[in-house]
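>>> Need a 3D model of the sequence below.
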Amino acid sequence: MRYHCIIDAYSKDIIRQMEELYAFKSAFLQEAEEGVSYVLCRDSTVVEGLDRRISGSAAAIIAEDYCPEAVLEALGKETALEDLYLFGSGISGNELSVRLAARMKGSSVTAVHGLECKEQVTVKKMVYASHMEGTFRMKKGPYCISLAKGMDRQEPEKGTFHIIKEIRCTDVPGFVVSRKTFANASAGGLDEAKVVIAAGRGIRNRENADYLQETAEVLGGELGVSRPAAMNAWVPMNRLIGVSGAMLQPDICITAGVSGAAAFYAGIEKSKFIVAINTDEQAPIMKKADVVVADDFVPVIKALRELAEQ
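Okay, here's the model as predicted:
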């Protein structure tokens, strides 16, 4: 089977995309035939400027602004019916993988973390709010999959893509009357933070959330939250951790007032070291952490902050 990677160079996380795609293909596609990487970009100089590559050759799909309809039109003309197409994690990767498969009457699965290509194409992903792992057989090509958030990352090989063609998207489909792109509010450095304080419902109020934010800054880290804390508007939604938010890999994660539901824990399980602070000794997070403190978070965090400020 031949595979192709699709890279969204309009996104600020292009390096993360490439590292995740490279790690995925290294883990699951060693025996498959390498195809072309398609880079979605404003200009081919973006492709030429990358100092790393995940395949030998690339095709630049060029448009002044990112327009899914135009991208899909271009990709559809390039798609081979029995090939595999890998999209990055996130909203655009999920959207494009599903819509391309629908256009080409193929198969699609989003948020995939495992793949096997033998007699049939089967993929694995987390289901039921990350309580279970599902295995899916993809029956018909082209096979379009997007990666799960928080996948392992691997530094791609140094070098530049050999650009074999430029595909220019000049026409926006007639049914699109007007369009405007709005940037999401930035979550700061949460995705790349080495130290993370993760707050849950147990912190009780916004004032405590503000105190934890200040403490995270003292520790040189970032504050993230579980869904209950975000839904209570104690912090912005872009600080949400878990399957619906950020998938983190910090060196240290300190949870405060977090029960540890599966959907949340999926966002921190790749932390190198987890400290859990909770008054409930039976909370799920207490069984998964490296160190547990069965106490109210306030005196514990206060003591930690005092040590950090010394």
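>>> in which helix or strand would I find the residue nearest to Ala101 when sequence neighbours are not counted?
In this structure, Ala101 finds its nearest non-sequential neighbour in Ser108, 3.5 Å apart by Cβ to Cβ, 6 or more residues apart in numbering. Every C-beta, even on glycine, is put in place using the N, C-alpha and C of the backbone. Assigned by DSSP states H and E, Ser108 falls within strand 107-112.
>>> which element follows that strand toward the C-terminus?
strand 114-117.
>>> what does the domain assignment say about the chain?
2-168, 190-309 (automatic domain parsing).
>>> quick one: contacts for the residue nearest the centre of the chain?
Centroid check for the chain by Cα atoms, centre = their mean gives Lys149 as the closest residue, at 2.9 Å. For Lys149, the contacting residues are 89-90, 111, 243, 246-247, by Cβ atoms under 8 Å, 6 or more residues apart in numbering.
>>> As JSON lines, those with secondary structure would be great.
JSON lines is the format used below for these (DSSP: H, G, I helix; E, B strand; the rest coil):
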{"residue": "Ser89", "secondary structure": "coil"}
{"residue": "Gly90", "secondary structure": "coil"}
{"residue": "Ala111", "secondary structure": "strand"}
{"residue": "Val243", "secondary structure": "coil"}
{"residue": "Ala246", "secondary structure": "strand"}
{"residue": "Met247", "secondary structure": "coil"}
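>>> Of the residues you listed - the most surrounded one?
Ser89 (24 neighbours; other Cβ atoms under 10 Å).
>>> you'd agree that residue is up against Ala111?
Yes: the criterion here is Cβ atoms under 8 Å, and Ser89 meets it with Ala111 at 7.3 Å.
>>> what touches both of these two?
By Cβ under 8 Å, 6+ apart, the residues touching both Ser89 and Ala111 are 146-149.
>>> Those residues in strands, which ones?
146-147 (DSSP state E).
>>> With respect to pLDDT, which of the shared contacts of Ser89 and Ala111 ranks lowest?
Looking at those by pLDDT, the weakest one is Lys149, with 89.
>>> that older thread, the contacts of Lys149 into CSV, with extra columns for distance to Arg227 and pLDDT?
Putting the contacts of Lys149 into CSV (distance: Cβ to Cβ, whole Å; pLDDT from 0 to 100) gives the following:
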residue, distance to Arg227, pLDDT
Ser89, 19, 91
Gly90, 19, 84
Ala111, 17, 95
Val243, 10, 87
Ala246, 12, 90
Met247, 14, 91
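>>> What is the nearest of the shared contacts of Ser89 and Ala111 to Thr135?
Ala148 (14.0 Å; Cβ to Cβ).
>>> right, and that closest one touches Gly114 too?
No: contact status for Ala148 versus Gly114: not in contact, 9.2 Å apart, counting by Cβ under 8 Å.
>>> Which of these two has more residues huddled nearby?
With neighbours defined as other Cβ under 10 Å, Ala148 and Gly114 compare such that Ala148 has more, 21 against 14.
>>> residue contacts, the more buried one?
89, 111-113, 125-126, 247.
>>> okay, those in a markdown table with distance to Tyr22 next?
Shown next, in a markdown table, are the contacts of Ala148 (distance: Cβ to Cβ, whole Å):
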| residue | distance to Tyr22 |
| --- | --- |
| Ser89 | 13 |
| Ala111 | 18 |
| Val112 | 15 |
| His113 | 15 |
| Lys125 | 20 |
| Met126 | 22 |
| Met247 | 17 |
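>>> Which one of those is nearest to Ala209?
Met247 (21.2 Å).
>>> phi, psi of that closest one?
Met247 adopts backbone torsions of phi -110, psi 110, taken as degrees, to the nearest 10.
>>> about what we covered before: what is in contact with Ala148 and Gly114 at once?
In contact with both Ala148 and Gly114: Lys125, using Cβ under 8 Å, 6+ apart.
>>> tell me which element Ile274 is part of?
Counting by DSSP H and E, Ile274 is part of strand 273-277.
>>> Contacts made by that strand with the rest, please.
251-258, 260, 268, 283, 285-286, 288-293, 295, 297, 300-301.
>>> buried subset of those residues?
252-258, 260, 268, 283, 285-286, 289, 292-293, 297, 301 (16 or more other Cβ atoms under 10 Å).
>>> Show me those that map onto strands.
252-256, 292-293.
>>> Nearest to Asp83, out of the residues you listed: which one, please.
Cys253 (39.0 Å).
>>> what pLDDT does that closest one get?
Cys253 is given a pLDDT of 97.
>>> Do I have it right that it meets Ala193?
No: look at Cys253 against Ala193 with Cβ under 8 Å: they stay out of range, at 9.3 Å.
>>> Could you report the distance from Arg168 to Val292?
57 Å (Cβ to Cβ, to the nearest Å).
>>> let me redo that: Glu207
25 Å.
>>> And Lys140, by the same measure?
48 Å.
>>> now do Tyr265
Tyr265 is 14 Å from Val292, by Cβ to Cβ.
>>> Understood, closing this out.
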